[in-house]
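S.K.: build me a structure from this.
(chains A and B)
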Amino acid sequence: MRNIQIVLNAILSKNIFEYILVDTDLNVLESSSGVDRYLNARPKDGDDILEYIPEFVGNEDEIKKIFVKRYCLFTLETVHKNGYYLNISIEYCDAQTAIVLLHNVTAITINQQSLLQYSNESTLLYNTLDKVLNNQNVMIFVASKNHIEFANQKFLDYFDIEDLEMLKNQKLDIYKYINKNIKDYDQLYHYVLDEEREIILKNDVFLLQVSKIEATHNLFTLTKITDISYKANRDYLTGLYRKNYLTEVGEQLIEKKQRFALVVLDLDNFKNINDTYGHLVGDNVLKRFVYLVKQKIRKNDIFARWGGEEFLLLMKDTTPMEIKERIEEIRKDIQMYNFDIAGSVTCSFGIACLKEQEDMDNLLYRADKALYEAKNSGKNRIVFKMD
Amino acid sequence: MIRKKILLIGDFGVGKTSLIKRYIDNEFSDQYKTTIGVKISKKLLVVNSIECELLIWDIEGATPIKKIPSSYFKGASGAIFVCDVSREDTKQNLNSHIENFLSVNPSSKYVIAYNKIDLLSEKQQLALEQTLSDNDFMTSAKSDINVIKLFKVLVKDMLL
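M.R.: Residues are numbered from 1 along each chain as shown, chains lettered A, B, ... in the order given. Purely as a prediction, here's the structure:
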């Protein structure tokens, strides 16, 4: 007991510990004079320690093992009692005695609490902002010089990217869609800052705007304006895209090194229909023709009117064999269809597949040349230029 | 007299401390103050003629980077799992809290508090109610809805 008292005096002199000695039934034997500030009362000899430290309730059996196992320690950290934060531990003294130490950790815990409060409030704010960003109708991304650092869910969904981690690992160079001379997002920032720009991603037109949020980071927003520019890109009579739009999509695919085929479609002897039945009948034939072609093409094909009775079809993600089969089906459907007043109408087709290093103008030239061959060899047929 | 330890468990900011404050002191404060560590509140109850001192452990909530220490769970006879009905993630995390608790106390009883119900519209409350089971309660510490019932049902279940 004398040795314990020496140790306790040493501990108590630091004024951060108080103690209670308990017997094997967890009844109080003795306590230091300062315990009352933590427990609101000074335990009397023979009192049940659980009255004062109910934190031990439910663990009585485990605590009593201290007397058997010796030196076994039972600890509870950061317990809030009477306005103080304490670490409470109980430890073996001798076969009849255990010591409960109350370690005052209030100062350090209050600092930790301030940090935790800040962290939790920040998390709540971040979660709210995240929800706000993800509910926007625009695609948002934050980029530094060469990388996209953040993007909202709408952006990730559009590019079929699972999460931000995946986005960071893959190189999605939005700036390349805009101007070949732009080499990074800093240059894109200056390019877009002066004048918001239109950008075509996949088959949609977006308005790209930018603002600086940090010296190193810029916030870009992509607002889908396909609907706004609908009329500009569409042919009034048929509702199809115009040639310019199809050409732009083709150029973007070439830049991304994606292979595709271009089909030029021309209604045979269409001038005769206009001359014989008038332009209204001719217009109806064009509309019916467009309807028939649309039944056979896929969603990601781009169908456009070049002018007059000439049309263009851009087909990607497919093989030459599939293209040929599909166009043959279209040819047959048109031949079989009864165009009312105009009766039977046929169509000729010139097809060319994109070659290595080829540009859009040359591809169009070759497809048109194939059409010319189809016309010259009897019309109502397909000529396919593989190279 | 018997003593029973119960815990309130859930993510941070779901209203664990507020539920205890409403139950013990019949008070409520709108000001959010993060709980750190653990604080015990006592409540004397007589259930089925049994005098019981309830030791209610208010423990700090789980955060995305800090889980609840399982050492707090030892010796608990029951638990109230709390989520915030306005934060979907706190509802989704309920199962993992329940699993962690039952791994330490497999035979303990528990109830679930869908707290801050006052933030939902009447229509939303009705929709939520359809999904709840017998031991789930829509609660509001702010509006004093179902708080006493929540504790009462748990204690009765514990003393059975």
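
S.K.: residue closest to the middle of chain A?
M.R.: The geometric centre of chain A, computed from its C-alpha atoms, lies nearest to residue A:156 (Cα atoms, centre = their mean), at 2.4 Å.

S.K.: now the strand or helix carrying that residue, how far from the centre of its chain.
M.R.: Secondary structure here is read from DSSP states H and E; on that basis residue A:156 sits in helix A:153-158. Centre-to-centre, helix A:153-158 and its host chain are 4 Å apart (Cα atoms, centre = their mean, to the nearest Å).

S.K.: helices or strands up against that helix?
M.R.: Counting contacts by 3 or more Cβ pairs under 8 Å, 6 or more residues apart in numbering or on different chains; DSSP states H and E, the secondary-structure elements packed against helix A:153-158 are helix A:106-134, strand A:139-143. No exception for glycine: its C-beta is placed from N, CA and C like everyone else's.

S.K.: mind listing residues that contact stretch A:74-84?
M.R.: The contact list for stretch A:74-84, computed with Cβ atoms under 8 Å, 6 or more residues apart in numbering or on different chains, reads A:37-40, A:55-56, A:59, A:62-63, A:66, A:85-91, A:104-106, A:109, B:36-40, B:60, B:69, B:71.

S.K.: out of those residues, which end up buried?
M.R.: Buried residues within the contacts of stretch A:74-84, counting neighbours by 16 or more other Cβ atoms under 10 Å in any protein chain shown: A:38-39, A:55-56, A:59, A:63, A:66, A:85-88, A:90-91, A:104-105, A:109, B:36-40, B:60.

S.K.: that older thread, could you dump the helices and strands packed on helix A:153-158 to CSV with distance to residue A:326 and mean pLDDT?
M.R.: As requested, the helices and strands packed on helix A:153-158 are exported to CSV (distance: least, Cβ to Cβ, whole Å; pLDDT from 0 to 100):
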stretch, distance to residue A:326, mean pLDDT
helix A:106-134, 39, 90
strand A:139-143, 33, 92
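
S.K.: nearest to residue B:78, of these?
M.R.: When the helices and strands packed on helix A:153-158 are ranked by proximity to residue B:78, the top entry is helix A:106-134, at 26.0 Å, counting by Cβ to Cβ.

S.K.: and the helices and strands packed on helix A:153-158, which is most packed in?
M.R.: Mean neighbour count, computed with mean count of other Cβ atoms under 10 Å in any protein chain shown, is highest for strand A:139-143 among the helices and strands packed on helix A:153-158, reaching a mean of 21.

S.K.: which residue packs closest to the closest residue to chain B within chain A, ignoring adjacent ones?
M.R.: Among the residues of chain A, residue A:58 lies closest to chain B, at 2.0 Å counting by Cβ to the nearest Cβ. Spatial nearest neighbour of residue A:58, excluding adjacent residues (Cβ to Cβ, 6 or more residues apart in numbering or on different chains): residue B:75 at 2.0 Å.

S.K.: before we move on, back to that, could I get the helices and strands packed on helix A:153-158 as CSV with distance to residue B:20?
M.R.: Written out in CSV, the entries for the helices and strands packed on helix A:153-158 read as follows (distance: least, Cβ to Cβ, whole Å):
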stretch, distance to residue B:20
helix A:106-134, 17
strand A:139-143, 41
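
S.K.: out of these, the one nearest residue B:9 is which?
M.R.: Taking Cβ to Cβ as the criterion, helix A:106-134 is the member of those that comes nearest to residue B:9, at 16.1 Å.

S.K.: counting by contacts, list what that closest one packs against.
M.R.: Using 3+ Cβ pairs under 8 Å, 6+ apart, helix A:106-134 sits against strand A:84-94, helix A:153-158.

S.K.: if anything else comes up later, I'll come back, but that's it for now.
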